[in-house]
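K.L.:
can you look at this prediction? I've put the sequence above it.
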Amino acid sequence: MSDHTTGTREEWQAARTELAALEAEHAALGQKVTEQRRRLPWVPVEKEYVFDTEDGKKTLADLFDGRSQLLAYNIMFGPDYEIGACPGCSNLGDELSATRVHLNHHDVTLMCFSRAPIDRLRAYKERMGWEFPYVSTYGTDFPFDFGLAMTPEQAQEIPEVKAMIDDPPEWLADWGRQVGAKLEDGLREGPGFIAFARENGSVFHTYTVMAPDPFVAPYHSLLLHRTPKPEADEPRAWRKDEYPD
């Protein structure tokens, strides 16, 4: 038997009306944030980057695939990961393929980046059943220039990262075993979205958002926020082919 509060339909409606006002306030703030996000200055990308893709070498401009907007998610899958990408990032990746057709019709190309070599990305993509373009930033300055990864020296300069490396909680140590990397290597990768625009032959960096922002989370976690029971206290994320059942 649940120990949650129960009540009459009238009591539920009164509480729901109060919540609706808060939700409307939240939605209005969200719209204000979106407008301010789109007012950010665009920064020209003047450095030439060349990536390994499943279709050969491509420049950043090539990745737009003829569209004027590029949105990419950086999956935590570094060259030192011996087992596979971050399970949490993999959860998010599971939900990207189906939305591409809609984004394409809004002039947006959606893809993912990782720092592991392209042959490893190709194999992992096949394992996960993903359909989005998966691009390797291996051997380029791109992830470091745009804050998607840290050098060993940079990681050591961040007290929170250094503390987690020196004395990791059990869930983080377990995560290291899941990806097959030492934490000093694994935690140098950053999960986040990065956006670019292309106009008049030039490419511009427009926006970056990194975890733990709620946007950098699997959509199913947002759906769970609408369910009646709190989420189980389970810090571990599972790849879809690794659930115990």
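P.N.:
That came through, no problem. Numbering: from 1, shown residues only.
K.L.:
helices along the protein, start to end?
P.N.:
For the chain, the helices defined by DSSP state H occupy 9-38, 87-94, 100-104, 118-128, 142-145, 152-156, 159-166, 170-179, 183-186, 219-224.
K.L.:
would you mind listing the buried residues in the longest one?
P.N.:
This points to helix 9-38. Across helix 9-38, burial judged by 16 or more other Cβ atoms under 10 Å covers no residue at all. C-beta: built from backbone N, CA, C; applies to glycine.
K.L.:
go on, the third one?
P.N.:
Within helix 100-104, the residues that count as buried by 16+ other Cβ under 10 Å are residue 100.
K.L.:
and the residue found closest to residue 83 once you drop the neighbours it is linked to in the chain, how many residues sit next to it?
P.N.:
Excluding the flanking residues, the one nearest residue 83 by Cβ to Cβ, 6 or more residues apart in numbering is residue 180, at 3.3 Å. Residues lying near residue 180 (other Cβ atoms under 10 Å) number 12.
K.L.:
hmm, residue 81 and residue 180 touching each other?
P.N.:
Yes - between residue 180 and residue 81 there is a contact under Cβ atoms under 8 Å: 5.7 Å.
K.L.:
where does the prediction get shaky in this structure?
P.N.:
The chain contains residues with pLDDT under 70 at 1-2, 233-235.
K.L.:
try it again at 50.
P.N.:
Within the chain, no range satisfies pLDDT under 50.
K.L.:
and the closest residue to residue 174 other than its chain neighbours, what does it touch?
P.N.:
Among residues not flanking residue 174 along the chain, residue 236 sits closest, at 6.1 Å (Cβ to Cβ, 6+ apart). Taking Cβ atoms under 8 Å, 6 or more residues apart in numbering, we find residue 236 in contact with 87, 171, 174-175, 178.
K.L.:
please repeat the previous calculation with a cut-off of 10 Å.
P.N.:
Residues in contact with residue 236 (Cβ atoms under 10 Å, 6 or more residues apart in numbering) are 87-88, 170-171, 174-175, 178.
K.L.:
let's have the residues you listed in TSV, adding neighbour count and distance to residue 6.
P.N.:
Formatted as TSV, the contacts of residue 236 follow (neighbours: other Cβ atoms under 10 Å; distance: Cβ to Cβ, whole Å):
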residue	neighbour count	distance to residue 6
87	19	37
88	23	35
170	9	36
171	11	34
174	13	38
175	22	39
178	22	40
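K.L.:
what number of residues lie near the residue nearest to residue 87 when sequence neighbours are not counted?
P.N.:
Nearest non-adjacent residue to residue 87, counting by Cβ to Cβ, 6+ apart: residue 237, 4.1 Å away. Residue 237 has 18 neighbouring residues, counting by other Cβ under 10 Å.
K.L.:
separation between residue 237 and residue 227?
P.N.:
Using Cβ to Cβ, to the nearest Å, residue 237 is found at 18 Å from residue 227.
K.L.:
can you count the residues close to the closest residue to residue 140 other than its chain neighbours?
P.N.:
Nearest residue to residue 140, sequence neighbours excluded (Cβ to Cβ, 6+ apart): residue 49, at 5.6 Å. Using other Cβ under 10 Å, the number of residues around residue 49 comes to 17.
K.L.:
rewinding a little: so which of the helices of the chain gets nearest residue 135?
P.N.:
Checking these against residue 135 by Cβ to Cβ gives helix 118-128 as the closest, at 7.8 Å.
K.L.:
helices or strands up against that closest one?
P.N.:
Counting contacts by 3 or more Cβ pairs under 10 Å, 6 or more residues apart in numbering; DSSP states H and E, helix 118-128 is packed against strand 50-53, helix 87-94, strand 108-114, strand 134-136.
K.L.:
swap in 6 Å and give it another go.
P.N.:
Secondary-structure packing of helix 118-128 (3 or more Cβ pairs under 6 Å, 6 or more residues apart in numbering; DSSP states H and E): strand 134-136.
K.L.:
mind giving me the packing neighbours of the strand it packs on?
P.N.:
Other elements packing on strand 134-136 under the criterion 3+ Cβ pairs under 6 Å, 6+ apart are strand 50-53, strand 108-114, helix 118-128.
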